[in-house]
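> 3D model of this:
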Amino acid sequence: MCCCALFPLLLLLIFGTRTTHQVNVDCNELQMMGQFMCPDPSRTDHIDPKTQQLAGCTKEGRARVWCIAASEINCTETGNSTFTREVPCKWTNGYHLDTTLLLSVFLGMFGVDRFYLGYPGIGLLKFCTLGGMFLGQLVDIILIALQVVGPADGSAYVIPYYGAGIHIVRSDNVTYRLPRDDW
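From the prediction side, this is the model:
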């Protein structure tokens, strides 16, 4: 083989190889989701099987989970590509959505669903009026299914992690609504 044919191949091998360069950064300063992934998908202990939420979820709705930085990023706090970060979660206190719905459908006229959720006054009112002549029972079934009515202690329902959980977006005095073009 001629030397002239090997020269471009040699240049391609020399300049075509890519060298990796590790960057040491404080991983708490990473901003974009392209720079890290939370929670670390290789770890299987981040979901609490009892509550179906992130393990260690506090009453304030925050949990500390292990995250993984993108390739070529080395965290200074751990010395490798893993680090911990606080992420939002739903704090639960043991009230199951399916139990509440079953109680509301079958015993809602006696207010058992409201007693279960921690609303004894409304439960007693439903008991005395036979579920508001069954109209209050129907309204409660809809409100519980839409997760508008939740437990009285402010916790969320226990729902499977990838289940039918709803995140309600509410507006207040600082919410700005854009008008639609056809208004």
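
> what sits against the residue nearest to the spatial centre of the chain?
Among the residues of the chain, the one closest to the centroid is Cys89, at 5.1 Å (Cα atoms, centre = their mean). Applying Cβ atoms under 8 Å, 6 or more residues apart in numbering, one finds that Cys89 lies in contact with 53-54, 57, 61-63. (Glycine included, C-beta is placed from N, CA and C.)

> in ChimeraX, select just the buried ones from these.
Buried residues among the contacts of Cys89 (16 or more other Cβ atoms under 10 Å), as a ChimeraX selection:
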select :53,54,57,63
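
> isn't Gly94 up against Val158?
Yes: the criterion here is Cβ atoms under 8 Å, and Gly94 meets it with Val158 at 6.6 Å.

> comparing those two, which residue is more hemmed in?
Using other Cβ atoms under 10 Å, the more surrounded residue of Gly94 and Val158 is Val158, with 23 against 12.

> return the set of residues that bridge with the more buried one.
His96 (DSSP bridges).

> ok, it - contacts?
Val158 sits in contact with 51-52, 92, 94-97, where contact means Cβ under 8 Å, 6+ apart.

> that one and Pro151, how far apart?
Relative to Pro151, Val158 is positioned 10 Å away (Cβ to Cβ, to the nearest Å).

> any shared contact partners between these two?
Tyr95.

> quick one, helices of the chain?
Assignment of helices within the chain using DSSP state H yields the ranges 3-16, 97-107, 112-117, 120-128, 130-133, 135-145.

> buried deepest among those helices, which one?
Most buried of the helices of the chain, by mean neighbour count (mean count of other Cβ atoms under 10 Å): helix 112-117, with a mean of 22.

> residues contacting that one, please?
For helix 112-117, the surrounding residues in contact (Cβ under 8 Å, 6+ apart) are 95, 99-100, 103-104, 107, 120, 122-123, 126, 140, 144, 149-152.

> can you list the low-confidence ranges for this protein?
Low-confidence segments of the chain (pLDDT under 70): 1-20, 33, 183.

> kind regards, and thank you for your time.
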